[in-house]
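> Based on what follows, work out the 3D shape:
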Amino acid sequence: MVRGNLIVKPLGARISSEKEIICTDPFCVLKLGTQKKQTKVHKNGGKMPSWVPEQFVFKVDNEESMVVEV
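Numbers count the residues shown, from 1 in each chain. Take a look at the predicted model:
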């Protein structure tokens, strides 16, 4: 059984989609169990957004994976 805090610092992303990006203001969503956190929108971040120095703390209680969406 694993319990404690998980600190996540989303630095940025490289969006490698061949398709044209409609939204140029990306953000990142992090999910761990029932907890959900979201970064601020990176205005005009395009295919190389960054979210430095954002940081999130998740309470861990046996979760085995985290979902990250950009």
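> give me every residue that touches the residue minimising distance to the centre of the chain.
Nearest to the geometric centre of the chain sits residue 28, at 3.6 Å (CA atoms, centre = their mean). Applying CB atoms under 8 Å, 6 or more residues apart in numbering to residue 28 gives the contacts 10, 13, 38-39, 49, 51, 68-70. To be clear about C-beta, it is placed using only N, CA and C from the backbone, and glycine gets the same treatment.
> Same list, these, but as CSV with pLDDT please.
Compiled in CSV, the contacts of residue 28 are given as follows (pLDDT from 0 to 100):
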residue, pLDDT
10, 95
13, 92
38, 97
39, 97
49, 93
51, 95
68, 95
69, 94
70, 89
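> Which one (most neighbours) among the residues you listed?
Within these, most neighbours by other CB atoms under 10 Å means residue 49, with 23 neighbours.
> For that residue, give me its contacts.
12-13, 15, 26-28, 42, 70.
> Closest one to residue 61 out of the residues you listed, please.
Distance to residue 61, by CB to CB, is smallest for residue 28 among the contacts of residue 49, at 22.7 Å.
> Before we move on, what's the pLDDT of the closest one?
Listed pLDDT for residue 28 reads 96.
> Okay, it and residue 2: tell me how far apart.
24 Å (CB to CB, to the nearest Å).
> From residue 33, how far off is the residue located most distally from the centre of the chain?
Computed with CA atoms, centre = their mean, the residue of the chain farthest from its C-alpha average is residue 1, at 25.1 Å. Residue 1 sits 14 Å away from residue 33, going by CB to CB.
> repeat for residue 25
Taking CB to CB, one finds residue 25 at 28 Å from residue 33.
> Neighbour count for those two, which is higher?
The residue with more neighbours, out of residue 25 and residue 33, is residue 33; 15 against 11, by other CB under 10 Å.
> If anything else comes up later, I'll come back, but that's it for now.
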